[in-house]
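Q: Fold the following, please.
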Amino acid sequence: MGTHTRHVLVQVRDVLNADPDRFTSNFYLRLFAKNPELRELFPANMGHQRATLFRVIEYVLETVPDRENHPRLLEFLGQLGRDHRKYGVTEENYHQFFDALMREIAVTMGDRWDEDVANVVSQAFMLTTGVMRGAAHSAPGPATWSATVAEKYRLSRDLAVVRLKSSQPLTFAAGQYLEVQIPQWPRIWRHYSPSIPPNPDGEIEFHVRAVPGGTVSNSIVTETQAGDVWKLAQSHGTLHVDTDREILMIAGGTGLAPLRALLIELSFRADAPPVHLFYGARYPADLYDLSRLWRMVATNPWLSVTTVVEDETDPWWSTASEESGRITLERVQGQLADAVLGYGKDWTQHQVLLAGSPEMIATTRRRLLIAGLPASKMQHDPV
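A: Numbers count the residues shown, from 1 in each chain. Model (predicted):
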C-alpha cells in the first residue's frame, strides 16, 4: 500500500492510542447497546477483553501498510478467527462488530474523519474480519470439545494434577497448549499444556499451579473435582522435536508439562535423538514429577536429566514425595541458565526447547544467546 494509506492508518493509531481504555469501553458500550444479545458471549469482567481488543486493532493499523509483514498478519488473523469459533461467533456477529468499530473510530477521530480516511480504515478492517471469517469457516474439527474430570489430586498446597477424559479424540500435538474453560468461570479461557500426548481414548492430563491472585488457576487447584465438565478449544504452539539433532530441554516448574509430553512421545519411537533435560524449581519439593522422569531415564538410554534447585533446603511447610529419597537423578544448585552453561558441554548444535514462566524463559534465553547459542535453534511458546 502507498504512503497515503500508511499515513492515514498511523494517524488513526496515534489518535486511538491517546486513550485506549476509553476507546475500547465506548466501543463495547456501542456494540452491546445495539446488539444486547452479544453481551452473553463475553466474561463479566471486560478489562482483559478490552486490552486484548486494543492490541489487535493496534497491530492491524501498524501492519496493513507493511507488505513485507502481510503473511504474518494473515497468519495472525487466521488464528484469531479459528480461536473465535469457541465463542459461537456467527457471520452476522462479524458485521455487527465491524459496524460498531467503524462508528466508534469515526467518533474518536472527530474532525479528522473524512471520506478518504473512512475508505482506508474500512478496507483495513474489512480485511481483518474477512480473513477471520474465512479461517473460521475452513477450520477442521469442532470448535470445542467437552472433557470430564476423572481425577484431581493435589501434590502441594498450590499444585494439582487434573486428569480428564473426552468422548472423542482431541486434536493437538505433543508440546502444544490448549484453551481451557472450567465450569467455575464460564466464558473465561486460559491456556494450559497437556503433560501427555494425544491418544485415541481422549485422555488428557494437566499440571496446574495456582497463581497468586489468579482466578482460574486457584479454582482448579482448590475447587475442581471429579465429574466437572471442562471445555477445551483451539491448540496453539509450535514446540516440537527434530530427530536429526541432539536436543536440550530446559523446564522451569510446570513448564515441564509440554516437554514431558514430548518425551513420552519420543519413548515410543525407534529414532529418538539424545535428549538432555534440565528441570528446575526453587526447592527440591517443587520438583514434583521426579518419579516419572526417573523411570523414563531408566528405560530410555537416550535421555539424561539434571535437576536444578535454587535452595537445597525445603521450607517447613513443604511435603516431599515418598520416593524422593531413593531417586538418583543428578542435581545441582543455582539458576537454570547457570546449570546449563556450567555443565561443561557445547550446546551450540543442539535444538533448544524452553518452557516455564515468562520470566524464566526470557532470562534463560538471553543468557544462552550471550553464550553463543543461535536463536534459530531455540523454541519456546510466546511470552
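Q: contacts and neighbour counts: CA atoms only from here.
A: Noted.
Q: for the protein, where's the lowest mean pLDDT among helices and strands?
A: Among the helices and strands of the chain, helix 3-17 carries the lowest confidence by mean pLDDT, DSSP states H and E, at a mean of 85.
Q: Just list what it packs against, helices and strands only.
A: With contacts taken as 3 or more CA pairs under 8 Å, 6 or more residues apart in numbering; DSSP states H and E, helix 3-17 sits against helix 47-63, helix 91-109, helix 115-138.
Q: Quick check: mean pLDDT of the last one?
A: Averaged across helix 115-138, the pLDDT comes to 94.
Q: so it versus helix 3-17, what angle?
A: With axes from the mean of the first three to the mean of the last three CA atoms, to 10 degrees applied, the angle from helix 115-138 to helix 3-17 works out at 80 degrees.
Q: Just the buried residues of helix 115-138, please?
A: Residues 117-118, 120-122, 124-125, 127-133, 135-136 are the ones in helix 115-138 that count as buried (16 or more other CA atoms under 10 Å).
Q: swap in stretch 169-182?
A: Neighbour-count burial for stretch 169-182 [16+ other CA under 10 Å]: 170-182.
Q: Repeat that for stretch 181-191.
A: Neighbour-count burial for stretch 181-191 [16+ other CA under 10 Å]: 181-182, 187-189, 191.
Q: Next, count neighbours for Ile196.
A: 22 (other CA atoms under 10 Å).
Q: tell me the contacts of it?
A: Ile196 makes contact with 174, 204-205, 257-258, 260-262, 264, according to CA atoms under 8 Å, 6 or more residues apart in numbering.
Q: Show me where the protein has its helices.
A: For the chain, the helices defined by DSSP state H cover 3-17, 20-34, 47-63, 70-83, 91-109, 115-138, 215-222, 256-266, 290-299, 336-341, 358-370.
Q: so what secondary structure elements neighbour the longest one?
A: The criterion is 3+ CA pairs under 8 Å, 6+ apart, and the helices and strands that helix 115-138 contacts are helix 3-17, helix 47-63, helix 70-83, helix 91-109.
Q: I'd like to know which of these lies nearest to Trp145.
A: With CA to CA, the closest approach to Trp145 among these belongs to helix 70-83: 13.2 Å.
Q: neighbouring contacts of that closest one?
A: 60, 63-64, 128, 131-136, 139, 233-234.
Q: do the same with stretch 93-101
A: The contact list for stretch 93-101 (CA under 8 Å, 6+ apart) reads 27, 30-31, 35, 38, 125-126, 129, 133.
Q: same thing but at 6 Å, please
A: Leu31 (CA atoms under 6 Å, 6 or more residues apart in numbering).
Q: Then stretch 125-134?
A: Contact with stretch 125-134 is made by 77-78, 81, as judged by CA under 6 Å, 6+ apart.
Q: try stretch 331-347
A: Against stretch 331-347 from outside (CA under 6 Å, 6+ apart): 306-310, 364.
Q: Output that stretch as CSV, restricted to C-alpha atoms.
A: Below are the C-alpha coordinates for stretch 331-347, written out as CSV (Å, rounded to 0.1, in the frame of the first residue of the first chain):
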residue,chain,number,x,y,z
ARG,A,331,21.1,-32.4,41.0
VAL,A,332,22.8,-29.1,41.0
GLN,A,333,22.1,-25.9,42.9
GLY,A,334,21.7,-22.5,41.3
GLN,A,335,19.8,-20.9,38.4
LEU,A,336,18.7,-22.9,35.3
ALA,A,337,20.9,-20.9,33.0
ASP,A,338,23.9,-21.3,35.2
ALA,A,339,23.4,-25.0,35.4
VAL,A,340,23.1,-25.4,31.6
LEU,A,341,26.1,-23.1,30.8
GLY,A,342,28.2,-24.6,33.6
TYR,A,343,27.7,-28.2,32.6
GLY,A,344,30.8,-28.3,30.5
LYS,A,345,29.1,-29.3,27.2
ASP,A,346,28.9,-27.5,23.9
TRP,A,347,25.2,-26.9,23.2
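Q: now that stretch, how far from the centre of its chain.
A: 27 Å (CA atoms, centre = their mean, to the nearest Å).
Q: Repeat that for stretch 349-361.
A: On CA atoms, centre = their mean, the centre of stretch 349-361 falls 14 Å from that of its chain.
Q: Could you tell me the end-to-end distance of that stretch?
A: Chord length of stretch 349-361, first to last residue, is 19 Å (CA to CA, to the nearest Å).
Q: Just the buried residues of it, please?
A: For stretch 349-361, using 16+ other CA under 10 Å, the buried residues are 350-356, 360-361.
Q: one step back: just checking, which of the helices and strands packed on helix 115-138 sits deepest inside the structure?
A: Ranked by mean neighbour count, the helices and strands packed on helix 115-138 are led by helix 70-83 with a mean of 18 (mean count of other CA atoms under 10 Å).
Q: pLDDT on it, on average?
A: For helix 70-83, the mean per-residue pLDDT is 92.
Q: sorry, back to before: so which of the contacts of stretch 331-347 wins on neighbours?
A: Highest neighbour count within those, by other CA under 10 Å: Val308, with 28 neighbours.
Q: Show me the beta-bridge partners of it.
A: Beta bridges link Val308 to Gly280, Val332, judged by DSSP bridges.
Q: can you count the residues close to the closest residue to Glu203 other than its chain neighbours?
A: Leaving aside its sequence neighbours, Glu203 sits nearest to Lys165 (CA to CA, 6 or more residues apart in numbering; 4.5 Å). The tally of other residues near Lys165 (other CA under 10 Å) stands at 20.
Q: got a list of what Gly356 touches?
A: The neighbourhood of Gly356, defined by CA under 6 Å, 6+ apart, consists of 251-252, 255.
Q: Other residues contacting stretch 205-215?
A: With contact meaning CA under 6 Å, 6+ apart, stretch 205-215 is reached by 158-163, 194-195, 217-218.
Q: distance between the ends of it?
A: 20 Å.
Q: How far off centre is it?
A: Relative to its parent chain, stretch 205-215 has a centroid offset of 14 Å by CA atoms, centre = their mean.
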